[in-house]
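>>> sequence plus predicted model, see below.
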Amino acid sequence: MLRALRFAGQAVLLLLLLAAWSAPARAGPCLPWAEMAARLSAQHQQARAGVGVAAGGREAVELWARPDGGTWTVLLTRADGFACVLRDGKDWLPASPLWGAPS
């Protein structure tokens, strides 16, 4: 019985660790969209390079990037008007033409 309880406890711990490890990262700093856009433009010289609608129209995922490919930022813009940084990085390389499009 004790062995079965120990095994169950270890299994639960393993499941919790796997869930935490595989969970998507929480959004970073959030600002009203206009403030976030101004900050990305002024501080990082980024411009919006793409946008996609998510969550049944309640959210938008936006990609901001420097034209020279220096840095990029992915935002989640919520229905309440706040934009949150999901990821950012450097060495952006635009894909052109779109996948599957004739060259």
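In hand now; what should we look at? Numbers count the residues shown, from 1 in each chain.
>>> the residue lying closest to Trp33 once chain neighbours are set aside: neighbour count?
Leaving aside its sequence neighbours, Trp33 sits nearest to Ala83 (CB to CB, 6 or more residues apart in numbering; 4.5 Å). The C-beta positions use only the backbone N, C-alpha and C, and glycine is treated the same way. By the measure other CB atoms under 10 Å, the count of residues near Ala83 is 25.
>>> and the helix or strand where Ala83 lies, what does it pack onto?
Remark: Ala83 resides in strand 82-90, with elements defined by DSSP states H and E. Contact partners of strand 82-90 among helices and strands, from 3 or more CB pairs under 8 Å, 6 or more residues apart in numbering; DSSP states H and E: strand 30-32, helix 33-44, strand 71-78.
>>> who touches stretch 82-98?
By CB atoms under 8 Å, 6 or more residues apart in numbering, the residues outside stretch 82-98 that reach it are 25, 27-33, 36-37, 49, 61-62, 65-66, 69-78, 103.
>>> now with 7 Å, please.
27-33, 36, 65-66, 69-77, 103 (CB atoms under 7 Å, 6 or more residues apart in numbering).
>>> how about Leu31: what's its closest non-neighbour residue?
Ala83 (6.2 Å).
>>> most tightly surrounded among the helices and strands packed on strand 82-90?
Each of these was given a mean neighbour count from mean count of other CB atoms under 10 Å, and the largest, a mean of 20, is that of strand 71-78.
>>> give me the contacts around whichever helix or strand Ala49 is part of.
Here Ala49 sits within strand 47-54, counting by DSSP H and E. Residues outside strand 47-54 that contact it (CB under 7 Å, 6+ apart): 41, 60-65, 67.
>>> the same query, at a cut-off of 6 Å, please.
60-65 (CB atoms under 6 Å, 6 or more residues apart in numbering).
>>> just the buried residues from those, in PyMOL please.
This is the PyMOL syntax for the buried subset of these, where burial follows 16 or more other CB atoms under 10 Å:
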select buried, resi 60+62+63+64+65
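>>> now, the contacts of strand 47-54 that are in strands?
60-65 (DSSP state E).
>>> would you mind giving the residues you listed as a markdown table with distance to Ala54 and pLDDT added?
Formatted as a markdown table, these follow (distance: CB to CB, whole Å; pLDDT from 0 to 100):
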| residue | distance to Ala54 | pLDDT |
| --- | --- | --- |
| Ala60 | 7 | 93 |
| Val61 | 5 | 94 |
| Glu62 | 10 | 94 |
| Leu63 | 13 | 93 |
| Trp64 | 16 | 94 |
| Ala65 | 19 | 93 |
